[in-house]
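>>> Sequence plus the predicted model coming up.
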Amino acid sequence: MDFSHLHVEFFMDAVENKTASAAHGRPIFDDTEMIRIRIAGDPKSVLVAPACSASSVRDPATNRWLTYAQLHCEPYKAFKEGVEYTGSGTPLSELPFVTRAKAEELRRLNVHTAEALAGLDGQNLQKIGMGARQLKDQAEAWLARAEGSAEITRMAGENAALKAQMEALQAQLDDLAGGKADPELPSANEDGDGKSPFADWADEDIVNWIVACGGRKPHPACKHDTIVRLADELNAELEKQSEAA
């Protein structure tokens with residue numbers, strides 16, 4: 001779920017235990033994990049509730065109400081570890097068009113990220129004041145450019161990996177052609193059973209051997225027996241050339 005429009009924080013608070021207070025005739029308080037949720041752009045809209053209480057979202061697997069701690073598991077995990085939760089969005093400090101003063105104003109309106117700024121609309125957007133629409137448009141454009149750059153970087157990485165694989169394959173073929181790896185095979189009659197030495201090879205390995213030895217690459221639709229026959233014919237030809245030399 002997208003919670004970029006929310007500012008979520010967990011904290012400890014002393015909450016009165018009504019049952020215990022009634023039983024002892026005096027106020028009894030328990031240390032309780034709490035959650036505070038603010039809506040971006042609306043400083044007056046605040047939800048405070050026990051972290052273990054049920055939210056308004058059901059678990060699709062069990063159909064049970066999720067607790068706030070379960071629903072907002074990342075900020076809850078940060079709270080339990082005693083670290084500040086910065087969220088998954090882009091901090092306002094990363095936006096070159098947002099001054100430090102404007103960033104502080106936005107934070108006071110519970111707008112802490114570029115995603116939250118881009119998602120503002122209606123009255124919550126108007127509360128930013130003069131230039132609100134321009135800031136929103138700039139945030140949307142900045143995020144779109146960042147996403148495009150990420151896609152280009154990903155494609156460049158994939159292309160580099162593919163190039164490395166092709167270079168490794170070419171190096172193997174060059175080694176075979178240059179005699180660094182011996183492409184010669186035992187003759188078909190060496191074991192006395194007439195079985196082709198290629199019979200137990202994988203089709204891909206046979207094709208690579210044929211190409212490395214200067215033969216014509218078999219058609220991709222060729223069956224195993226056909227590829228073996230072509231390799232046998234090339235091997236026999238190579239043996240003749242070797243004997244003639």
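Received, thanks. Numbers count the residues shown, from 1 in each chain.

>>> Now Leu6, what are its backbone angles?
The phi/psi pair for Leu6 (degrees, to the nearest 10) reads phi -120, psi 150.

>>> Does it touch Arg36 like I think?
No: checked against C-beta atoms under 8 Å, the pair Leu6 and Arg36 is beyond contact range at 10.4 Å. C-betas here are computed from N, CA, C, even on glycine.

>>> after the worst-scoring helix or strand of the chain on mean pLDDT comes which helix or strand?
Least confident helix or strand of the chain, by mean pLDDT, DSSP states H and E, is helix 132-177 with a mean of 74. Later in the chain than helix 132-177, the nearest helix or strand by DSSP states H and E is helix 203-212.

>>> Give me the buried positions along that next one.
Within helix 203-212, the residues scored as buried using 16 or more other C-beta atoms under 10 Å are 203, 206-210, 212.

>>> now those in JSON lines, with distance to Gln165 and pLDDT?
Output for those, formatted as JSON lines (distance: C-beta to C-beta, whole Å; pLDDT from 0 to 100):
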{"residue": "Asp203", "distance to Gln165": "19", "pLDDT": "90"}
{"residue": "Ile206", "distance to Gln165": "21", "pLDDT": "91"}
{"residue": "Val207", "distance to Gln165": "17", "pLDDT": "89"}
{"residue": "Asn208", "distance to Gln165": "14", "pLDDT": "88"}
{"residue": "Trp209", "distance to Gln165": "20", "pLDDT": "88"}
{"residue": "Ile210", "distance to Gln165": "21", "pLDDT": "88"}
{"residue": "Ala212", "distance to Gln165": "18", "pLDDT": "84"}
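
>>> Adding distance to Ala161, write those residues out as CSV.
Formatted as CSV, the buried residues of helix 203-212 follow (distance: C-beta to C-beta, whole Å):
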residue, distance to Ala161
Asp203, 25
Ile206, 27
Val207, 23
Asn208, 21
Trp209, 26
Ile210, 27
Ala212, 24
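
>>> quick check, nearest of those to Leu135?
Asn208 (59.4 Å; C-beta to C-beta).

>>> Got the domain ranges for this structure?
Domain assignment for the chain, taken from automatic domain parsing, gives 1-88, 89-179, 182-245.

>>> Return the distance of the closest residue to Lys127 other than its chain neighbours relative to Leu6.
Leaving out its chain neighbours, the residue that sits closest to Lys127 by C-beta to C-beta, 6 or more residues apart in numbering is Gly41, at 5.5 Å. Using C-beta to C-beta, to the nearest Å, Gly41 is found at 11 Å from Leu6.
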